[in-house]
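In: Have a look at this fold, sequence not included:
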């Protein structure tokens with residue numbers, strides 16, 4: 001199994017896009033400080049999404065066993081893949097939460 005960290009993946013680039021968009025929305029509303037906090041939160045979710053699969057793989061040594069056809073190995077591999085896909089959407093979930101916070105605060109007059 002290849003565990004190379006790829007910073008050019010779709011999840012990372014879309015997370016960086018989400019951070020930039022939420023920051024621009026905060027600036028547009030006149031809430032630059034809140035937009036900057038939101039962008040940092042989204043970027044932290046991107047980092048967590050990039051690191052979490054590597055942390056999970058350490059707790060699943062069964063995946064590296066020679067008997068990869070066992071039901072336990074397949075179940076653990078499926079769980080790791082599902083968690084990886086869910087974590088890929090984490091930056092957009094965080095951005096959506098911050099979007100709601102910025103929307104409720106409203107524009108600064």
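Out: Noted; the coordinates are in hand. Everything numeric in this text was worked out from a predicted model, so none of it was measured.
In: okay, and for the chain, where does confidence drop off?
Out: 1-8, 53, 56-69, 109 (pLDDT under 70).
In: all helices for it, in order.
Out: Using DSSP state H, the helices found in the chain span residues 10-28, 32-58, 71-88, 90-105.
In: Need these in CSV (columns: mean neighbour count).
Out: Every C-beta, even on glycine, is put in place using the N, C-alpha and C of the backbone. Listed next are those as CSV, based on neighbours: other Cβ atoms under 10 Å:
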stretch, mean neighbour count
helix 10-28, 18
helix 32-58, 16
helix 71-88, 13
helix 90-105, 17
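In: Please report the distance of residue 29 from residue 79.
Out: With distances taken as Cβ to Cβ, to the nearest Å, residue 29 is found 40 Å from residue 79.
In: Ok, residue 72 next?
Out: If you go by Cβ to Cβ, the gap between residue 72 and residue 79 works out to 11 Å.
In: repeat for residue 101
Out: 32 Å.
In: Hmm, residue 106 is touching residue 29, no?
Out: Yes - judged on Cβ atoms under 8 Å, residue 106 makes contact with residue 29 at a distance of 7.2 Å.
In: Give me the more crowded residue out of those two.
Out: Between residue 106 and residue 29, counted using other Cβ atoms under 10 Å, residue 29 has the larger neighbour count: 16 against 10.
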